[in-house]
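**Student:** I'll drop the sequence and a predicted model, then ask my questions.
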Amino acid sequence: MAGERVYRALLLLYPRRFRREYRDPMLQLYRDARRNCTASWSRLAGDVVVSAPVQHKEAFRAMTTQGKLLTASLVITIAIVAFMAVGGALFALALMLLLAWILARLLRERDAQLSSAFWWKLTLSGAAVFAAGFLIFAGPWPQSWRDAVPGELGWWSGMFIFCTAIVMIVGGLLSGVVVFASRRRLTQ
Amino acid sequence: MARTAKHPQPLPPAVFHLLLALRDGEQHGYALMQRVEQLTDGAVRMGPGTLYGAIKRMLADGLIEETDERPDPALDDQRRRYYRLTLDGERACAGEVQRLETLLRNARRASPKLGHA
């Protein structure tokens, strides 16, 4: 049935672990509800839209601090790249500040154990990756070397290197905010 | 904060309704969804995501447990999962009822006409 196929696809919106555990009983419940006409399709689909973010939030909370930071950094970087493509650097900056503020609030709950060395190591590593990328793509290399690399390969590898660098720098700086916020709270 | 008998913490509505529904005995997901709707006169309608999200939390908190027994295959689908209340679940449910009763009593005491308009 088309409805069940769409519902099955909608279940992909849940975190993987939740899906692994409850996908089959949820599909069974969907079939029961549709067979007995006790729930409309829109109600069942609407429930996915409402409950999937809740499960993602719980999955995010259950992550280690480093996992949280990496995930948040990835989301922030993807959002920045998307916004830069659509709305320019000002939107990207505003979004980054907003996300950093939300993340700092989320992380404030249980992060005193975050290693104080983690943030600057990650930031410096990100800066090093960025510098390496700059050197690779804008260094004083002979034109024959540049011509040897296909344009598309160059573009994608550049995106990969610079996005990785941004993820590391943003993640490192956010970790720094968390570390200093935790210290300030402990000393108050 | 830990739930104590003296100062019980409020249960999320979905969890409370599921605990009430499970007081009738062990049930599977679809039966629970229907029972909750019936108990609340249709006011609370849970979808599969909300239901299994609450079940996941309740299993983690030890309020319910999955049962190993399955009904006769001729009578029911063997893939269904059945859940039942644990002792902690019964206590939590009773505690929530008591908390709500106290809340209502205090509200009525503060404003006797409340709820009789």
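**Tutor:** Yep, that arrived.
**Student:** so residue B:107 is in contact with residue B:100, correct?
**Tutor:** No - here residue B:107 lies out of contact with residue B:100, judged by Cβ atoms under 8 Å, at a distance of 10.4 Å. In this view, the C-beta of every residue, glycine as well, is placed from N, C-alpha and C.
**Student:** which single residue in chain A comes nearest to chain B?
**Tutor:** Nearest residue of chain A to chain B, counting by Cβ to the nearest Cβ: residue A:47, 2.3 Å away.
**Student:** can you pull the contacts of the residue nearest to residue B:53 when sequence neighbours are not counted?
**Tutor:** Of all residues not flanking residue B:53 in the chain, residue A:51 sits nearest, at 5.3 Å (Cβ to Cβ, 6 or more residues apart in numbering or on different chains). Under the criterion of Cβ atoms under 8 Å, 6 or more residues apart in numbering or on different chains, the neighbours of residue A:51 are A:14, B:47, B:49, B:50, B:53.
**Student:** residue B:62 now?
**Tutor:** Counting by Cβ under 8 Å, 6+ apart, residue B:62 makes contact with B:86, B:88, B:89.
**Student:** the residue nearest to residue B:53 - that's part of a strand, no?
**Tutor:** No - assignment of residue A:51 by DSSP: H, G, I helix; E, B strand; the rest coil gives helix, placing it outside any strand.
**Student:** up against chain A, what does chain B have?
**Tutor:** Taking Cβ under 8 Å from any Cβ of the partner chain as the criterion, chain B approaches chain A at residues B:29-30, B:33-34, B:45-53, B:55-56, B:77, B:79-81.
**Student:** from those residues, which would you call buried?
**Tutor:** B:29-30, B:33-34, B:46-53, B:55-56, B:80 (16 or more other Cβ atoms under 10 Å in any protein chain shown).
**Student:** and the closest residue to chain A within chain B, how close does it get to residue B:37?
**Tutor:** Of chain B, the residue with the smallest distance to chain A, taken as Cβ to the nearest Cβ, is residue B:47 at 2.3 Å. When distances are taken as Cβ to Cβ, to the nearest Å, residue B:47 and residue B:37 turn out to be 11 Å apart.
**Student:** same deal with residue A:98?
**Tutor:** Spatial separation of residue A:98 from residue B:37 under the definition Cβ to Cβ is 39 Å.
**Student:** same check, this time on residue A:77
**Tutor:** From residue A:77 across to residue B:37, the span is 44 Å (Cβ to Cβ).
**Student:** ok, these two, which is more surrounded?
**Tutor:** When residue A:77 is set against residue B:37 and neighbours are counted by other Cβ atoms under 10 Å in any protein chain shown, the residue ahead is residue A:77, at 21 against 18.
**Student:** can you tell me the element that one falls in?
**Tutor:** When elements are defined using DSSP states H and E, residue A:77 is found to belong to helix A:65-86.
**Student:** flag every buried residue along that helix.
**Tutor:** Taking 16+ other Cβ under 10 Å as the neighbour-count basis, helix A:65-86 is seen to contain the buried residues A:65, A:68, A:69, A:70, A:71, A:72, A:73, A:76, A:77, A:79, A:80, A:83.
**Student:** distance of the third one from residue A:157?
**Tutor:** Which is residue A:69. According to Cβ to Cβ, residue A:69 and residue A:157 sit 25 Å apart.
**Student:** and the first one, by the same measure?
**Tutor:** As for residue A:65, its distance to residue A:157 is 31 Å (criterion: Cβ to Cβ).
**Student:** go on, the fifth one?
**Tutor:** Distance, residue A:71 to residue A:157, using Cβ to Cβ: 24 Å.
**Student:** what about residue A:142, how many residues nearby?
**Tutor:** Residues contacting residue A:142 under the criterion other Cβ under 10 Å number 8.
**Student:** so which residues of chain B form strands?
**Tutor:** Counting by DSSP state E, chain B has these strands, from start to end: B:27-28, B:64-66, B:82-85.
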